[in-house]
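Enquirer: sharing a model prediction with you, sequence too.
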Amino acid sequence: MQKHRATALHYDFRLEAGGVLVSWAVPKGPSLNPADKRLAMAVEDHPLDYARFEGVIPAGEYGGGTVMVWDIGTYRLEGDESFDEALHTGRIVFTLNGKKLKGSWTLVRTGDRRWLLMKRRDRSAAAVDIATTKPRSVLTRRLLAGIARDEGGDVAKAATGDPH
Ligand code: MN
């Protein structure tokens, strides 16, 4: 999952499947609270090596802004369906083994490109707002402003995505 301060702050959630990163943009980021339903807009697939991209996309290019690798890890599907079947059905249930996000999650399609990302009830569920309590890169420990500073980006704009 990448944290991306582009036109608006969002989190890009990506699952490796079929040789690409199947991707959703999650405006509010993930929640560990099973009562929360987080909008996740399906966006275009990305190449596998993009999963570890952290830096600045130049202003004027698509997605221009600062990108952080907010979480990384592995996942496995729950149930017997293939990823393509689950994607087509509009219900993907999976277990995350990231550095921040763990346990069971569901993505459910509610229309066209609109999905909901939800934590399932298990012992990794919590009321804590993990986007606020764990705001740093899992690769470099930097905040968005630090990435922008190091990589020649817009520091003030990036800083609006960091906790205040
Ligand atoms: Mn993005």
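Expert: That came through, no problem.

Enquirer: for the helix or strand of the chain with the lowest mean pLDDT, what is the distance to the chain centroid?
Expert: Here the helix or strand of the chain ranked lowest by mean pLDDT, DSSP states H and E is helix 130-133, holding a mean of 93. Helix 130-133 has its C-alpha centroid displaced from the chain centroid by 13 Å (Cα atoms, centre = their mean, to the nearest Å).

Enquirer: helices or strands up against the helix or strand encompassing residue 25?
Expert: Residue 25 is part of strand 20-26 when elements are defined by DSSP states H and E. Under the contact definition 3 or more Cβ pairs under 8 Å, 6 or more residues apart in numbering; DSSP states H and E, strand 20-26 sits against strand 9-17, strand 38-46, strand 114-119. From N, CA and C alone the C-beta is placed, and that goes for glycine too.

Enquirer: CA atoms only: put the least confident helix or strand of the chain into PDB for me.
Expert: Only the C-alpha atoms of helix 130-133 are listed here, as PDB (Å, rounded to 0.1, in the frame of the first residue of the first chain):
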ATOM      1  CA  ILE A 130      -3.400   3.300  12.000                       C
ATOM      2  CA  ALA A 131      -3.100   5.900   9.200                       C
ATOM      3  CA  THR A 132      -2.400   8.400  12.000                       C
ATOM      4  CA  THR A 133      -0.500   6.300  14.400                       C
END
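
Enquirer: return the set of buried residues in the following helix or strand past it.
Expert: Per DSSP H and E, the first helix or strand lying C-terminal to helix 130-133 is helix 144-151. By 16 or more other Cβ atoms under 10 Å, the buried positions in helix 144-151 come out as 144-149.

Enquirer: phi, psi for the residue of the chain found nearest the ion please.
Expert: Using Cβ to the ion, the closest approach of the chain to the ion is made by residue 4 at 3.7 Å. Main-chain torsions, residue 4, degrees, to the nearest 10: phi -130, psi 110.
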